[in-house]
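> Sequence and predicted structure are below.
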Amino acid sequence: MRSPFRLSDPKRGRDLADAIRILAPPEPFKIVHVCGTHEMAITRNGLRRFLPETVDLLEGPGCPVCVTPARDIDTAIEIARTGAIVCTFGDMMRVPGSETSLDGARSEGCDVRTVLSAADAVDVARQKSVEEVVFFAVGFETTAPTTAAILLDAPPPNFSVLLSHKQIPQAMAALLDLPNSRIGAYLAPGHVSTIIGTHGYWSWLASFRVPIVVGGFEPLDILYAIALILRQHRDGVPKIENAYPRAVSDRGNPAALALIARVYEVADVAWRGIGTIARSGFRLRDAFAPFDARSRFTLELPEEESEIPGCRCPDVLTARAVPTDCPLFATRCTPLSPVGPCMVGSEGACSIWFRYGGRKSL
Amino acid sequence: MKEEQRITGLHGAGGEVMGEFLAERVLPKFGDRSSGRIGLEALDDGATIDLPTGAELVVTTDSHVVKPIFFPGGNIGTLAAAGTINDLAVMGAKPLALTLAAVIEERFPIGDFERILDAFAEVLDTVRVPLACGDTKVMPPGDVDGIVLNTTGIGAASPAIGDASFSPGDRVIVTGSIGDHGMALLAAREEFRLATALASDVAALWPLIECALSVGGVRAMKDPTRGGLAAAMNEMARKAHLCLEIDEPSIPVKDSVGGMADLLGISPYEVANEGKAILIVDADHANGILDVLKAHPLGADAALIGTVTDEHPGRVILATAVGGRRFLDMPLGDPVPRIC
Amino acid sequence: MCLAAPARVIEVSERSAVVDYNGVRTTARLDALPDSVSPGDYVLIHTGFAIRRLSPEDGEETLRLFDELAKSLAEEARDDEETAGKPSTFDEGSQIRPPS
């Protein structure tokens, strides 16, 4: 039985394209989204060709591949080198830390495994009861409750978590605070919003007075959200608007928010290429400290990656530069030999632009 | 209860044990078809192959290391036979004979080895192709992972058809649904805990291709195995320095393959197909070829999916369901599941 | 950061549900869901956990929202003569159609 939630018919695509054309701003206008899945949906469906000439749709720091600090990856690799089994999501396997990646560690002989769920990592720990099993927990508010849930579920003593979850509204605010940001509006991530609700953006973003529209992931969802952004811009009445009501409410998901509150405290954490953003991450509450991999393992970490001269990932990640502004783009830095995180994986802005021949769309 | 019989070093040692093993357990599976005057049963150092006059000889070789060895829809033996026959078929070559060499880890269950040979023989039977010769080697435990198969295929084509001799205006056809094998194998990975009725599409395609060739107008062919439809189409586009413009909604994809794709974040265009072919054909013959494909059980879901142009030479372009356009890229490596 | 699929609930137990997505079955944990679910409901699944209950009518409702917006903007534009000469940025002519 086919899913009733496929929203991609071409007639509505044309109708929403017309709506976007009608709302086209006369001057350059930059829309930023902060979700790897949004970037995949936009690129896979070829949606940028629906945009007027004046509108740019850029990806900000919305993908764990790009924003997990090299330090955290180094820590995961050193843990694997002690002989522990490290489990993480597929996205993280090829991201380079300061020296190598988790995939590189696996080639060395370390036991590094892809899991589809935090719960699967706990199952590995139950099966492999004599070995240490560590779950490298990356992701934003959509994923944070799942790690919290398994920690509340009496995991076995050989299990621990290397916590690296982050919160996105704080990063969205930090970007708006940067000089030269010129962000006109945000397309907010739909499934993060399922958890935090539209209310989750108020305290951090209301004062900036830019349009914020929560969008879904079907092609028509995204075109609809863009149309709403452009309408807010035209009317000069910025607000937080919900373009994904079937999956997002104002209050969010109280059960998921309760899981987060029970297990985590808010913490200042580093974002790769951006630096520390206040209160934008989590640490485990004292009651869960026994499951903190950072205290369970004594590690010697390699020298931290230094900034590579010329690499403009920090500017690309904060949507202040486009990939072709970077001198390393497509010369020293390519998808097969990436220098910075923006070129790694299929959703980094530079990786996408590279495949498009250095243009923003076909 | 008799303990399961396992391969030992003697089975590859060339002596009496190996001779008996071949005579009693292996040769009978490959029956009474002979490649030529000196065939498999002669157990000579080589075999002869009867060649039709005026044809081009086509040869192909492949090694097979698939894991898991047994998967929904077949096993490494099915894959080895079908894959080799398909390599010949997409060159336009009628398969004349196959060879089979096995490198087996000591302690490998003989019952499993026989199941693999049975599967290999069964595929040969469907296309009435003889096994010309074979070889067995046994390695100490740990020196090889289970079993590795190597095959050579020999065929005759009049003439052979490459993968790059097409022109703007030609049409692109796929012989059936895309992504079945790759997604079936991903679903079979126990640690993912996904249950589906998906099975590999592994099949020997020569009978289907033969029908298409009889219509005329086939300019190029390729089978989209490792790297999937995306890799095969990009290779064809690069070699010909032309563009393939593809209508994405026309690409046949089974519902559960699409379901797996959405759950794992892996594109069905980047995973292997083992019973499908891409045909690039002259526009005037396109509908005729499509009709004969669809009339054959192996081609029931065949579809016309695009056209050759010279707009972006070397690239593949997809027109998407909602009305967008994008490049379909050459995949970078083995696909991994995403959450982002 | 949001890969999630809307799957149909087949069977419910205490903490998890068997769900079906386009013919693929998997299990989803219910710890993060505030609502109870029954077979026939839809849930949004992210990394093996249900994060939202959906109903199939929501799909139709969403399409209605799209249509409303497109319609009201089209009406505004018709009333507004200034946009009459604006070139379309959506080039229908470059659409690929399969040969009939």
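Looks like it arrived, so ask away. Numbers count the residues shown, from 1 in each chain, chains lettered A, B, ... in the order given.
> switch to C-alpha atoms for all contacts and neighbour counts from now on
Fine.
> what are the ranges of the helices in chain C?
Applying DSSP state H to chain C gives helices spanning C:57-79.
> which residues touch the lengthiest strand in it?
Looking across chain C with DSSP state E, the single longest strand is strand C:5-12. Contact with strand C:5-12 is made by A:3, A:5, B:262-263, C:17-22, C:37-46, C:54, as judged by C-alpha atoms under 8 Å, 6 or more residues apart in numbering or on different chains.
> repeat that with 6 Å
Contacts to strand C:5-12, defined as C-alpha atoms under 6 Å, 6 or more residues apart in numbering or on different chains, come from residues C:17, C:18, C:19, C:20, C:21, C:39, C:40, C:41, C:42, C:43, C:44, C:45.
> now, which of those residues sits nearest chain B?
Among the contacts of strand C:5-12, residue C:21 lies closest to chain B (C-alpha to the nearest C-alpha), at 5.8 Å.
> can you pull the contacts of that closest one?
Contacts of residue C:21 were listed using C-alpha under 6 Å, 6+ apart, and they are B:259, C:7.
> Do you know the pLDDT at it?
Listed pLDDT for residue C:21 reads 92.
> how near is it to residue B:257?
Separation of residue C:21 from residue B:257 (C-alpha to C-alpha, to the nearest Å): 10 Å.
> try residue A:151
Counting by C-alpha to C-alpha, the gap from residue A:151 to residue B:257 is 33 Å.
> Which one's more surrounded, these two?
Legend: neighbour count by other C-alpha atoms under 10 Å in any protein chain shown for residue A:151 and residue B:257, higher for residue B:257 (26 against 22).
> you'd agree the more buried one is in a strand?
No: remark: residue B:257 does not belong to a strand; assigned using DSSP: H, G, I helix; E, B strand; the rest coil, it is helix.
> Show me the shaky parts of chain C.
Residue ranges of chain C with pLDDT under 70: C:1, C:81-100.
> Now distance to residue A:260 too, for the contacts of strand C:5-12, in a markdown table please.
What follows is the contacts of strand C:5-12, written out as a markdown table (distance: C-alpha to C-alpha, whole Å):
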| residue | distance to residue A:260 |
| --- | --- |
| C:17 | 22 |
| C:18 | 25 |
| C:19 | 25 |
| C:20 | 28 |
| C:21 | 27 |
| C:39 | 28 |
| C:40 | 29 |
| C:41 | 25 |
| C:42 | 24 |
| C:43 | 20 |
| C:44 | 19 |
| C:45 | 18 |
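> Just the buried residues out of those, in PyMOL syntax.
Buried residues within these, by 16 or more other C-alpha atoms under 10 Å in any protein chain shown, are selected in PyMOL with:
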select buried, chain C and resi 17+18+19+20+21+41+42+43+44+45
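> can you list the residues of chain C near chain B?
When proximity is defined as C-alpha under 6 Å from any C-alpha of the partner chain, chain C approaches chain B at C:1, C:2, C:3, C:21, C:22, C:23, C:24, C:25, C:26.
> what does the stretch 51-200 of chain B have sitting close to chain C?
So the stretch 51-200 of chain B meets chain C at B:194, B:195, B:196 (C-alpha under 6 Å from any C-alpha).
> An error on my part: the question was meant for chain A.
Counting by C-alpha under 6 Å from any C-alpha, chain A comes close to chain C at A:1-2, A:5, A:15-16, A:19, A:35-37, A:63, A:116-117, A:191, A:246, A:255-256.
> out of the residues you listed, which is most surrounded?
Highest neighbour count within the residues of chain A next to chain C, by other C-alpha under 10 Å: residue A:191, with 31 neighbours.
> in a helix, that's where that one is, yeah?
Yes: assigned with three-state DSSP, residue A:191 falls within a helix.
> Now for the residue nearest to it when sequence neighbours are not counted, how many residues are close by?
Nearest-residue entry for residue A:191: residue C:2, 5.3 Å, with adjacent residues in sequence omitted and distances by C-alpha to C-alpha, 6 or more residues apart in numbering or on different chains. Other residues near residue C:2 number 29, with proximity taken as other C-alpha under 10 Å.
> now swap in residue A:74 and tell me
Neighbour count of residue A:74, defined by other C-alpha under 10 Å: 25.
> That one sits in which helix or strand?
In this assignment (DSSP states H and E), residue A:74 forms part of helix A:70-81.
> next SSE after that helix?
Following helix A:70-81 in sequence, per DSSP H and E, is strand A:85-88.
> Check for me that residue B:68 belongs to a strand.
No: checked against three-state DSSP, residue B:68 lies outside a strand; its state is coil.
> Report the backbone C-alpha coordinates of the longest strand of chain C in PDB.
These are the backbone C-alpha positions of strand C:5-12, laid out as PDB (Å, rounded to 0.1, in the frame of the first residue of the first chain):
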ATOM      1  CA  ALA C   5       9.300   8.300   7.000                       C
ATOM      2  CA  PRO C   6       5.500   8.200   7.600                       C
ATOM      3  CA  ALA C   7       4.700   4.500   8.200                       C
ATOM      4  CA  ARG C   8       1.500   2.700   8.800                       C
ATOM      5  CA  VAL C   9       1.000   0.900  12.100                       C
ATOM      6  CA  ILE C  10       0.300  -2.800  11.800                       C
ATOM      7  CA  GLU C  11       0.600  -4.100  15.300                       C
ATOM      8  CA  VAL C  12       1.100  -2.500  18.700                       C
END
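> got the buried residues for it?
C:5, C:6, C:7, C:8, C:9, C:10, C:12.
> show me what contacts the residue nearest to the spatial centre of chain C?
Nearest to the mean C-alpha position of chain C, by C-alpha atoms, centre = their mean, lies residue C:59 at 5.6 Å. With contacts defined as C-alpha under 6 Å, 6+ apart, the neighbours of residue C:59 are residue A:5.
> Recalculate using a threshold of 8 Å.
A:4, A:5, A:7, A:246.
> between these, which is closest to chain B?
Nearest to chain B among these, with distances taken as C-alpha to the nearest C-alpha, is residue A:7, at 8.6 Å.
> isn't residue C:49 right up against residue C:29?
Yes: under the criterion of C-alpha atoms under 8 Å, residue C:49 makes contact with residue C:29 at 4.6 Å.
> if I look at the residue nearest to the centre of chain C, how far off is residue A:221?
Using C-alpha to C-alpha, one gets 11 Å for the distance from residue C:59 to residue A:221.
> do the same with residue A:158
Taking C-alpha to C-alpha as the measure, residue A:158 falls 43 Å from residue A:221.
> try residue C:80
From residue C:80 to residue A:221 the distance is 27 Å (C-alpha to C-alpha).
> Looking at those two, which has the bigger crowd around it?
residue A:221 (23 against 10).
> Provide a list of residues in contact with the more buried one.
A:7, A:215, A:243, A:244.
> Can you tell me which of those residues has the lowest confidence score?
Note: of the contacts of residue A:221, the lowest pLDDT belongs to residue A:7, at 89.
> For burial, what's the neighbour tally of that residue?
19.
> so it, which of the three states?
coil.
> Give me the neighbour count for the nearest residue to residue B:37 once chain neighbours are set aside.
Nearest residue to residue B:37, sequence neighbours excluded (C-alpha to C-alpha, 6+ apart): residue B:48, at 6.1 Å. Counted with other C-alpha under 10 Å, the neighbours of residue B:48 add up to 15.
> Could you pull up the residues touching the residue nearest to residue A:191?
By C-alpha under 8 Å, 6+ apart, the neighbours of residue C:2 are A:35, A:36, A:37, A:142, A:189, A:190, A:191, A:192, B:339, B:340, C:46.
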